[in-house]
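Peer 1: Here you go, sequence then predicted model.
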Amino acid sequence: MGSDDGCGLRPIRIDDIVAHVRTAHEGVTDGTNWGERGLFYNPGGRLPKGTYVLTFKEKDSENDKASNVDRPGVYRLNLGLSKPTFTTLFGAIPRRPPAGGIINTGHNFAALDTLTPHPHYGWLAWMCVLNPSPPTFEALKPLIGESVALAKARFERRTAR
């Protein structure tokens, strides 16, 4: 990503995020789902895709334009959190929006380098950030670790059947 975040800091590149997560967390693989790049917990390839750890939104779609990622050099990093962590960061879990709608929290989902609830999946305790800067990425690392732990627990439930 060539542009800065408006504060003079270049955002972390997606490839650097992928490399960090795959190095720091065993069993994480990268792939695509619904045409978007993501990281999945799937040690040994035991599931067709694995369980979601995080995803990257690199272009707007018919049902997801809230973050305006069609801007040059903009991407959105999305990850799932536990409900307690989500509420600590953002307050109450929002209501599920109508199909194709966005959650109503008052957040600016198009703001760069700012942690927000996910505009569509915040009701599932997902969060996002557009173009995280190096300091923001450092703050995200424990949250990514939590997302990996949640994905691992889902994976274990699914493979125990």
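Peer 2: In hand now; what should we look at? Predicted model, so just to flag it, every value in this text is computed and none were measured.
Peer 1: Could you tell me which helix of the protein is the longest one?
Peer 2: As assigned by DSSP state H, the longest helix anywhere in the chain is helix 134-159.
Peer 1: For the worst-scoring helix or strand of the chain on mean pLDDT, buried residues please.
Peer 2: Counting by mean pLDDT, DSSP states H and E, the chain has its least confident helix or strand at strand 28-33, which shows a mean of 93. Going by neighbour count (16 or more other C-beta atoms under 10 Å), the buried part of strand 28-33 is 28-30. The C-beta positions use only the backbone N, C-alpha and C, and glycine is treated the same way.
Peer 1: next one: stretch 36-44
Peer 2: By 16+ other C-beta under 10 Å, the buried positions in stretch 36-44 come out as 36-42.
Peer 1: Run through who's touching it.
Peer 2: 14, 18, 21-22, 25-32, 49-58, 148, 151-152, 154-155 (C-beta atoms under 8 Å, 6 or more residues apart in numbering).
Peer 1: ranges for the helices of the protein?
Peer 2: Assigned by DSSP H, the chain shows helices spanning 14-24, 83-90, 134-159.
Peer 1: What average pLDDT does the second one get?
Peer 2: What it means is helix 83-90. Helix 83-90 shows a mean pLDDT of 98.
Peer 1: Stretch 127-147 too?
Peer 2: Taken as a whole, stretch 127-147 has an average pLDDT of 98.
Peer 1: Poorly predicted segments of this protein, please.
Peer 2: Within the chain, the stretches with pLDDT under 70 are 1-8.
Peer 1: and D70, how many residues sit next to it?
Peer 2: Residues near D70, counting by other C-beta atoms under 10 Å, number 11.
Peer 1: What residues does it make contact with?
Peer 2: By C-beta under 8 Å, 6+ apart, the neighbours of D70 are 59-60.
Peer 1: and with 10 Å instead?
Peer 2: D70 makes contact with 58-61, according to C-beta atoms under 10 Å, 6 or more residues apart in numbering.
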